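Enquirer: Sequence plus the predicted model coming up.
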Amino acid sequence: MTPVFAFRDVACLRGGRMLFEHVSFAVAPGGAVLVSGPNGVGKSSLIRIAAGLLRPADGAVTVPPHRALMAEAAALDAARPLGAALHFWATLDPAPASATERVAKALDAVGLATIAAVPVRLLSTGQRRRAALARVVASGAPLWLLDEPGNGLDVASVGLLEALIATHRAAGGAVAVATHLPIALPDAMPVVLG
Amino acid sequence: MSGLLALVARDVRIAWASGGIVNALAFFLLVTILFPFAVGPDTALLARIGGGVIWAAALLAALMPVERLIGPDAESGVLDQMSVRGFSMAAVATAKIAAHWLGFGPPLMVATVLAAGLLGLPAETLAAVELGLLIGTPGLAALAVATSALVTGLRGAGAVAGLVMLPLAVPLLIFGAGSIEGGVQAVKLLGAVSLVLLAGAPFVAGAAMRGSLE
């Protein structure tokens, strides 16, 4: 099967320092990449290269045109209700279902449906992380790029995250997860940096 | 395209909700009120310098929101998310200029009527000032967004923004205030300056925002 997501000999140069070189992998639909390694080794940079936010110093990157990123910043407007903040991003995502429908489903999936009307600034850390996850779920993108998705989540929420990733993969989606916390990703391709 | 319109609508809503628009207008009116106190209640003198006072006050008021135009979106990851969705930073900057002008230009022109009353400007001077503001404020909005993008991430960005923006706004001030008595030639030059700023700012701001992503 042709890979939907692949790195070939990718190198990353940050601030004059080579973070990693010769990183190669290829993932078919339904596949996963698990990026691990100690702090400061370039896990987030790898995710940002996949998202197209950083240029690789060398190598070639294959990604689908539509992808969803979950990074440290939630990118949700603090003063707006959670549902409306997610709706803004959902309208920008090219997906067949209506934005309203996708947001409602995503909020349900992360267990935040009851607080859709609460302003984002009042959410707790864990709720904010789940809201960012809902943004990824609502995007309908074939490739999810998750940078430390387990940060700030309790045990039950990590289980929820794992279940959502499994559902996404079962539907033919691919995922890349950079994490220092244990997250269950069956048959994931390991990429160990550093 | 519809995505950029959504961004414009979002930015205008945030500007209203955060009180940024009201603050800038209040500051504009305060500056115009300061002049009669400083130069004295000489009606003839105030009517003569009033147009220039309004232009200078508009320039200072345009500085007020500069810090929050790009910085908060760079910090909260909004620019990252726009980029991941395939929007170029120059396109995002264009949307931000449009949104900033909508929240700044027309309200400023309404407040100018009030300021003209306070300064005792004759009706024809007010009409000339309003025409100048209509032509000049888009350029001012473009300059504000470009400045905001350039100073994003700097410590004390607000202070640096003033130093970057005010010198570049001098041509707008010269031709804007000049258009009150200079006639159609000055209006054309004001339009030219405004267009140059509008055409260049999205690329300058886009490049600066692109740099802040990395």
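Expert: Thanks, I have it. Numbering: from 1, shown residues only, chains lettered A, B, ... in the order given.
Enquirer: When you work out contacts or count neighbours from here on, use the C-alpha atoms and nothing else.
Expert: OK.
Enquirer: Look up how far chain A lies from residue B:192.
Expert: 35 Å (C-alpha to the nearest C-alpha, to the nearest Å).
Enquirer: can you pull the contacts of that residue?
Expert: The contact partners of residue B:192, by C-alpha atoms under 8 Å, 6 or more residues apart in numbering or on different chains, come to none.
Enquirer: Would you point out which residue of chain A is nearest chain B?
Expert: Chain A approaches chain B most closely through residue A:75 (4.7 Å), counting by C-alpha to the nearest C-alpha.
Enquirer: Under a three-state scheme, what state does that residue occupy?
Expert: coil (DSSP: H, G, I helix; E, B strand; the rest coil).
Enquirer: Just the pLDDT at it, thanks.
Expert: At residue A:75, the pLDDT value in this model is 91.
Enquirer: what does residue B:30 give?
Expert: pLDDT at residue B:30 comes out at 94.
Enquirer: Wait, a helix at it?
Expert: Yes - assigned with three-state DSSP, residue B:30 falls within a helix.
Enquirer: Against residue A:2, how distant is the residue sitting furthest away from the middle of chain B?
Expert: Ranked by distance from the centre of chain B (C-alpha atoms, centre = their mean), the top residue is residue B:42, with 29.9 Å. According to C-alpha to C-alpha, to the nearest Å, residue B:42 and residue A:2 sit 81 Å apart.
Enquirer: Repeat that for residue B:23.
Expert: 56 Å.
Enquirer: Those two: which is more packed in?
Expert: residue B:23 (14 against 9; other C-alpha atoms under 10 Å in any protein chain shown).
Enquirer: what's near enough to touch that one?
Expert: By C-alpha under 8 Å, 6+ apart, residue B:23 has no neighbours at all.
Enquirer: so the residue of chain A closest to chain B makes contact with residue B:74?
Expert: No - with contacts counted by C-alpha atoms under 8 Å, residue A:75 stays clear of residue B:74, the gap being 9.2 Å.
Enquirer: Tell me which of the two has more neighbours.
Expert: residue A:75 (25 against 20).
Enquirer: what about residue 45, which helix or strand?
Expert: This is for chain A. helix A:43-51 (DSSP states H and E).
Enquirer: other chain: chain B
Expert: Counting by DSSP H and E, residue B:45 is part of helix B:43-63.
Enquirer: next helix or strand past that helix?
Expert: According to DSSP H and E, the helix or strand after helix B:43-63 is helix B:66-69.
Enquirer: So what's the predicted local confidence for residue A:1?
Expert: Predicted confidence (pLDDT) for residue A:1: 62.
Enquirer: same question, residue B:1
Expert: With respect to pLDDT, residue B:1 has a value of 68.
Enquirer: which SS class is the residue positioned nearest the centre of chain A?
Expert: Nearest to the mean C-alpha position of chain A, counting by C-alpha atoms, centre = their mean, stands residue A:146 at 2.6 Å. Three-state secondary structure (criterion: three-state DSSP) places residue A:146 in strand.
Enquirer: Now for it: which residues touch it?
Expert: Contacts of residue A:146 (C-alpha under 8 Å, 6+ apart): A:47, A:69, A:70, A:71, A:175, A:176, A:177, A:178.
Enquirer: Among those, name the ones in helices.
Expert: Counted as lying in helices by DSSP state H, out of these, are residue A:47.
Enquirer: ok, which of the contacts of residue A:146 also contact chain B?
Expert: Filtering the contacts of residue A:146 for proximity to chain B by C-alpha under 8 Å from any C-alpha of the partner chain leaves residue A:69.
Enquirer: could I get the contacts of residue A:146 as JSON lines with neighbour count?
Expert: Shown next, in JSON lines, are the contacts of residue A:146 (neighbours: other C-alpha atoms under 10 Å in any protein chain shown):
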{"residue": "A:47", "neighbour count": "23"}
{"residue": "A:69", "neighbour count": "26"}
{"residue": "A:70", "neighbour count": "25"}
{"residue": "A:71", "neighbour count": "22"}
{"residue": "A:175", "neighbour count": "25"}
{"residue": "A:176", "neighbour count": "25"}
{"residue": "A:177", "neighbour count": "27"}
{"residue": "A:178", "neighbour count": "26"}
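Enquirer: among the contacts of residue A:146, which are in strands?
Expert: A:69, A:70, A:175, A:176, A:177, A:178 (DSSP state E).
Enquirer: Could you show which parts of chain A are in contact with chain B?
Expert: Counting by C-alpha under 8 Å from any C-alpha, chain A sits next to chain B at A:51-54, A:65-69, A:73-76, A:88, A:91-93.
Enquirer: which regions of chain B sit below the pLDDT cut-off?
Expert: B:1 (pLDDT under 70).
Enquirer: Quick check: residues of it near chain A?
Expert: B:3, B:6, B:73, B:75-78, B:80-81, B:83-86, B:213-214.
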